[in-house]
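> Turn this into a model:
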Amino acid sequence: MTITIIQPNDVLPPDYVDKYNQEWDDMPLSPVPVQFPSHLEISPEQAVYFANGHRGPTCVPSGSPPPIADVSATSSADETPPSPSTPPPSPASSVASVASSVASAASSVFGLMAACRALIPTFNPTDGWAAIDSVVGDAVLRTMLRLALYSPFHTHEPSPNDLYECLEYGERSWAIRSPIITMAVRAIQCVAYFILCAANEHNPYVQGGVPDLPSFIDSSYLEQLGLRVPAIILFRAYSGRSISDMRFPTQQAALDYLFLMQAVYKYYLLWIANAIRLSTELGYHCSWRWGSPLSMSHTEWTHRVTRHFVYDGHKSLEHLMSHQLLKNEMDFGCAALLSPYEGVRLLSIIRAERNHLAIWPLNDPVTEEGEVFAKNHLHELNTNIDTLNHIVCALRFFSDQVAAARPRIQMELDSG
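The predicted model follows:
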């Protein structure tokens, strides 16, 4: 059994963050193979729709209705990677900065059918559904995924109308209205449950609902896709009951909390799209069972998802999800939503190859499932969180000293 303390980006030196972002921005993308729909697969209504200058968020397969929202077009036919700036203090603004630099796709202008055949998938880092629809082309799977994961919170725009003013013990504060906070929490919980069902081959219609759903992910599953454990699974180990009782000193603080919840929900929709992309490239041998939360067999899911899949594609999605600082921001965004404390840390507990997450500091008394699990394992190791923190600080100091001395040692070896 191992327990690791995960630190937020705040502990990193500013020059490291700047250097990482610059290297990430300069990272080249390989060419993206684009699969165009045949002109025989496009209905006359869709042809007229796109000939009039409309651009959809994804390729339009046969029988699909035309998209509603317009997407501006550019003169480039290749995907261009988003280029986020240095991650700001809040994950919500991190995602907003990524979105500001995204370029959409363009289509050919040579004839009516040529314009329709030139539709290519576009990428929007603030729209997880566009990414899911781009990876999953099967109409049945798209419908089932929306039934399982979609929430009105995705398009909800937080406003002062979502808040109300409180007066408690002579102090004014702000709170979020119950229908809004319930909608937001359920949206994030649905995403967390979906990931855990796929990682544990758990069919909720057969094996039971949330009380029977495991709160961990096996290490071999994460290693197979090259992923780290997503912190959104904290919404399974923590009930989130304290969220509805939270009070904020200002109206803006309450709105920022809602924006953070929306950013977490949208980011982990992108996480699911990327994980499905990685799983589909592995084919039938992949251990993840994305059909389980939909009560669908692995064979049927894989057969359906591979029919419309663009292999070696979706490079902008892959590039964005490789941004480790952004992922860290979102992971600690989940912790900030569930914990009333500032300066929280994440505890990664691995026992019997099962990855659990908990939030430090623990509440007193311990009431949440994740906290009980963490406290029991700390007691089993005959240690506490302060001891672990001192060990981590000592290791970091030692590694810094080694890194600082490495050029001098190398110079002495070269001269000797």
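> how many other residues sit next to residue 164?
When counting by other CB atoms under 10 Å, one arrives at 12 neighbours for residue 164. Bear in mind the C-beta positions are built from the backbone N, C-alpha and C, glycine included.
> remind me which residues of the stretch 151-300 of the chain are low pLDDT?
Residues of the stretch 151-300 of the chain meeting the criterion pLDDT under 70: none.
> hmm, try it at 80
Applying pLDDT under 80 to the stretch 151-300 of the chain flags the ranges 170.
> likewise the stretch 1-150 of the chain?
Checking the stretch 1-150 of the chain against pLDDT under 80 turns up 1, 3-4, 11, 14, 27-124.
> cutoff 50 now
Low-confidence segments of the stretch 1-150 of the chain, defined by pLDDT under 50: 33-121.
> Give me the buried positions along whichever strand or helix holds residue 147.
Element membership for residue 147, per DSSP states H and E: helix 139-149. Neighbour counts using 16 or more other CB atoms under 10 Å place 141, 142, 144, 145, 148, 149 of helix 139-149 among the buried residues.
> got a list of what the fourth one touches?
Meaning residue 145. 132, 136, 294 (CB atoms under 8 Å, 6 or more residues apart in numbering).
> The same query, at a cut-off of 7 Å, please.
Each residue near residue 145 by CB atoms under 7 Å, 6 or more residues apart in numbering is listed here: 132, 136.
> What's the separation between it and residue 196?
16 Å (CB to CB, to the nearest Å).
> go on, the third one?
According to CB to CB, residue 144 stands 17 Å off from residue 196.
> The last one now?
Remark: distance between residue 149 and residue 196 (CB to CB) = 13 Å.
> Am I right that residue 363 is in a helix?
No: Residue 363: not assigned to a helix; according to DSSP: H, G, I helix; E, B strand; the rest coil it is coil.
> And for it, the neighbour number?
15.
> residues near the closest residue to residue 380 other than its chain neighbours, how many?
Nearest non-adjacent residue to residue 380, counting by CB to CB, 6 or more residues apart in numbering: residue 1, 7.4 Å away. Neighbour count of residue 1, defined by other CB under 10 Å: 10.
> how near is residue 1 to residue 196?
Distance of residue 1 to residue 196, given as CB to CB: 21 Å.
> do residue 180 as well
Counting by CB to CB - residue 180 and residue 196 are separated by 25 Å.
> Who has more neighbours out of the two?
residue 196 (25 against 18).
> between the helix or strand hosting the more buried one and helix 139-149, what angle do the directions make?
Following DSSP H and E, one finds residue 196 within helix 178-200. Angle of helix 178-200 versus helix 139-149, following axes from the mean of the first three to the mean of the last three CA atoms, to 10 degrees, is 130 degrees.
> Following element in sequence after helix 178-200, please.
Per DSSP H and E, the first helix or strand lying C-terminal to helix 178-200 is helix 204-207.
> Please name the nearest non-neighbouring residue to residue 162.
Computed as CB to CB, 6+ apart, the closest residue to residue 162 that is not its neighbour in sequence is residue 180, at 4.5 Å.
> if I read this right, the one you found contacts residue 160, doesn't it?
No: assessed by CB atoms under 7 Å, residue 180 is found out of contact with residue 160, at 11.6 Å.
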